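Participant: 3D model of this:
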Amino acid sequence: MKKILFSISIVLAVAYTASAQYVHKLADEQYALYNYSKAAELYLQAYKKKPALYTAERLANSYRMMRDYKEAEKWYATVVTLENSKPQNMFTYAEVLKNNLKYNEAKEQYTKYYTLTPNADLKQLNYWVSSCDSAIKWMKKPVDVDIRNLTTLNSQESDWGAVKYNSNIVFTSDRTEKKDQAELRKKRPLIWFDSNVSLDKNVYGWTGNKYLNLYEQPAANASTDAVKPFTFIAGTDYHIGAASYTADGNEMYFTLTRLPKEKVKDTAKIATINLGVYSSKLVNGKWSKPEPFTYNKEEEYSVGDPFIMPDGRTLYFVSNMPGGVGGTDIYYCTKDAGVWSQPINVKSINTTANERTPFIDVQGNMYFSTDGDKGMGGLDIFKAIHTASGFGSKLNLGYPVNSAQDDFAYVIYDNASGYLSSNRTGGVGSDDVYSFAYNIPVAYRLEGVAYDKNTRRPLADTYITLTPAKGSPIKVRTGSNGAYAFTVYANAGYQLKGEKNGYLTDSQKPFSTAGIGPNEVLKRNLYLDKIELQKPIRLENIYYDLDKWDIRPDAEVELNKLIKIMKDNPTIVIQLSSHTDSRADDDYNMNLSRKRANAAVEYIITVGDIDEDRLIARGYGETRLLNKCSNGVKCSEAEHQLNRRTEFAILKF
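Facilitator: Predicted coordinates:
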C-alpha cells in the first residue's frame, strides 16, 4: 500500500451476485471501488468476449494501479494501437515503460504524446526526455553502496519507515497473522458493509490487508520470530504511521487516521479520511495518550510523515494544506515555550508534485522523496544541502539507491548506513525495508558482453541484472559495444541475467567469488536468443509410453526448462504442439497428439504455476511430418522418430 496514502479512501460496498452477462458492469463497479485486482479479472473476461478500447484501457490501468508494471506495459502496448486511442494513453504508456526501466522506449512514447497534443509544452517534453537520459546515466555508473533486503523483518504485505529506537528497529506494517489470512482473502480488497454492520476494524479497503501499525525488531541478531507489535495505545483502530523519536527516546511523533464523527450513509460512495500527526510521551515506562498536533485539520486536509529533531524543538512534516506549492509539500514548525510556530513551507525543496518523508541528518542536510523532480520513476530520494539560509541545491541519490518504482523513508546514521523503503522489483512483499551501507571496499570487478546468440554481435541497450545471494538486484544497461561491469565482493554468491526487448532472457546459473585470486577480473558473457514469432522450437527428449500421454520423469526435465523460459520471460505467450509419426490410424494419431499436448500444458500450468492464458495446446497428429515418411512409405525407426516430437512456438511477447 506504500506509505500512508495522503487521502485514505475507505471503500464502502455491499455484496453482489455476479452473472456472465453483467461482467462488464461488475468490472466497472469494482474499478470505481478501487478493487483493481477483481476489476482486472473481470475486464480480462470482457475483453476476451469482445475486444474494445475502453476495456483495454481499464485493464491496463488496473494493472498499473496494482503496480504490476509488466502486465500494465503489455496492455498499454495494445491500447496505444487501438483505433481512437487518446494521446494520454501514450503518456501513461511512457510512465509504465519507465517503471520497467525501458527509458529509450519511454522517450519515444513521450515524443509521440507531444506530437499529438496541440497544447503540449516543449519544456515539459524536454524535462521528460532528460529525466530518462539521467536515469540511463545513473544506471551506467551505479553508486558504490551495498543495499540489502531485510528479509527477517519484511512480510508479504507492506513494510516501511524503519528507524532506530534504542536497540531496536521500529517500522510500519500492515502484515497479517497466519490465522487471519484465509478470512482476509475472502474479503480482499474491500471493507464490507452488511446492512447496519460497522466498518471492518481489521481490513483496509484499498489493499485488503490489515491496517498499518507499528512493529519492532531487535537491530542485532534479528529473526522473523523476533518481530512484535510496538507497545503503546494509539486510540484508533485504523492506520498508525511511521514514527520519529527525540534523542532521549521519551517523545514520539507519528501519523494517525480516525473515522469522521458522522458516519457515511451512502454505502455506494467512497469516504475520504485525512491524516493527522500525533505525539506521545514516555512516562514511567508507558506511552501517554496521543496528543494531536496543533495544525491538524482532518476535516479539510492531511498532515503526516513527521520528523522530530533530536532536541524536540523543530518538527518537519508533509501536508496538502491550502497555499502550498504542489500536491503534498514539506513544512516545519518550531516550538518555543511549548507553543508551535506557524507552519513554514520549505519552498526551495517543494515542487508542483508530491514531496514525502523528510529526514534531517546530523549535519542538518535534508533527505526526502519526490515525484516532481528528475528521477528514475515514481518517488525518488533526494538530498538537499543545509545552508545558512535554509536548504540549497537538491541532489538525486542515484542508482541503486533509487529504482524505477517508489523509494522513500530514507534515514541515514553516521553518514554511512541506514534504512530506506521501496516497492522495487525483487522484494519480499509490497513495500519492503532495505538496509544500506556506503564505503564498502571494492573486492573484484565482474565484466562481460551481451551478445546475440545467433549472430554473435554485441547487443546494445540490454539490461544486465546482478542479484547477490544476500542483497538487492542491481541493473546496468549496455552501451553500443554490449559491454557491462559490476563491482562484486569477496566470498559472496551472485546470479546474472540479461534482458532485452524482443529477445529471450539469458538467466545464468548462480556463481560465487569464493577462492578468487587477488586483483582477478571475473568474465561472464551473456547470449540472448532473438524471438522469432511462430518459429517452432523442438523440445528434445519428450517421450511417451506406447499409447499413453502421461508425462514421464525424463519428459519432466525438458518441460521444466520450458517453465524456466516462461518465468524468465513473463510476457511471452506460447503454443505447445505435439506430433506423431504416420504409423497407426490418422484419427487415432490426431487424438493421441492432442491428449499429449494437453498433458504437457497441464504440467506446465500446475508444476510451474504459469498462467493458463499464456499457453495454447495443439495436437497435429501426422499432419506436419518433417520428412517423406507418410502413410505407406517405408522408413527407418530414426526417420519415424524425427516426426514424433513436441515443439513450442512463441506467439506473442
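Participant: and the next element down the chain from the helix or strand of the chain at the bottom of the mean pLDDT ranking?
Facilitator: Lowest by mean pLDDT, DSSP states H and E among the helices and strands of the chain is strand 191-192, with a mean of 22. Counting by DSSP states H and E, the next helix or strand C-terminal to strand 191-192 is strand 213-218.
Participant: how far does that following strand sit from its chain's centre?
Facilitator: 23 Å (CA atoms, centre = their mean, to the nearest Å).
Participant: tell me what that strand is packed against?
Facilitator: strand 168-173, strand 228-229 (3 or more CB pairs under 8 Å, 6 or more residues apart in numbering; DSSP states H and E). Quick note: C-beta positions are derived from backbone N, CA and C, even for glycine.
Participant: just those strands: most buried one?
Facilitator: Highest mean neighbour count of the helices and strands packed on strand 213-218: strand 168-173, a mean of 23 (counted as mean count of other CB atoms under 10 Å).
Participant: got the angle for that one vs strand 213-218?
Facilitator: Interaxial angle, strand 168-173 versus strand 213-218 (axes from the mean of the first three to the mean of the last three CA atoms, to 10 degrees): 150 degrees.
Participant: just the CA atoms of strand 168-173, as CSV, please.
Facilitator: Taking Å, rounded to 0.1, in the frame of the first residue of the first chain, the C-alpha atoms of strand 168-173 are listed here in CSV:
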residue,chain,number,x,y,z
ASN,A,168,15.5,-1.9,18.1
ILE,A,169,14.2,-1.1,14.7
VAL,A,170,10.7,0.3,14.7
PHE,A,171,8.8,0.2,11.4
THR,A,172,5.3,0.3,9.9
SER,A,173,3.5,-2.7,8.5
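Participant: who touches the host helix or strand of I381?
Facilitator: I381 is located in strand 380-387, with elements delineated by DSSP H and E. Contacting residues not belonging to strand 380-387 are listed as 348-349, 363-371, 373, 391-397, 401-402, 407-408, 410, 420 [CB atoms under 8 Å, 6 or more residues apart in numbering].
Participant: are any of these buried, and if so which?
Facilitator: Among the contacts of strand 380-387, those that count as buried by neighbour count (16 or more other CB atoms under 10 Å) are 349, 365-371, 373, 391, 394, 396-397, 401-402, 407-408, 410, 420.
Participant: among those, which ones are in strands?
Facilitator: The members of the buried ones among the contacts of strand 380-387 that map onto strands under DSSP state E are 366-370, 391, 394, 396, 407-408, 410, 420.
Participant: ok, the residues you listed vs S578, which is closest?
Facilitator: Nearest to S578 among these is D407, at 47.2 Å by CB to CB.
Participant: which SS class is K281?
Facilitator: Under DSSP: H, G, I helix; E, B strand; the rest coil, the three-state class of K281 is strand.
Participant: tell me the spacing between the nearest residue in space to it that is not next to it in sequence and I240.
Facilitator: Leaving aside its sequence neighbours, K281 sits nearest to S288 (CB to CB, 6 or more residues apart in numbering; 4.7 Å). Computed as CB to CB, to the nearest Å, the S288 to I240 distance reads 15 Å.
Participant: likewise I551?
Facilitator: As defined by CB to CB, I551 lies at a distance of 51 Å from I240.
Participant: higher neighbour count, these two?
Facilitator: For the pair I551 and I240, the greater number of neighbours falls to I240 (23 against 19), based on other CB atoms under 10 Å.
Participant: which residues does that one bridge with?
Facilitator: For I240, the beta-bridge assignment (DSSP bridges) gives partners L256.
Participant: okay but it is in contact with Y253, surely?
Facilitator: No - applying CB atoms under 8 Å, one finds I240 not in contact with Y253, separated by 11.8 Å.
Participant: give me the buried positions along the lengthiest helix in the chain.
Facilitator: Assignment by DSSP state H gives helix 586-608 as the longest helix of the chain. By neighbour count on 16+ other CB under 10 Å, the buried set for helix 586-608 is 589-590, 592-601, 603-604, 608.
Participant: let me know the closest of those to K628.
Facilitator: Closest approach between the buried residues of helix 586-608 and K628, by CB to CB: N589, at 17.0 Å.
Participant: doesn't G621 make contact with the closest one?
Facilitator: Yes - in terms of CB under 8 Å, N589 counts as a neighbour of G621; the distance is 3.9 Å.
Participant: brilliant, that's me finished.
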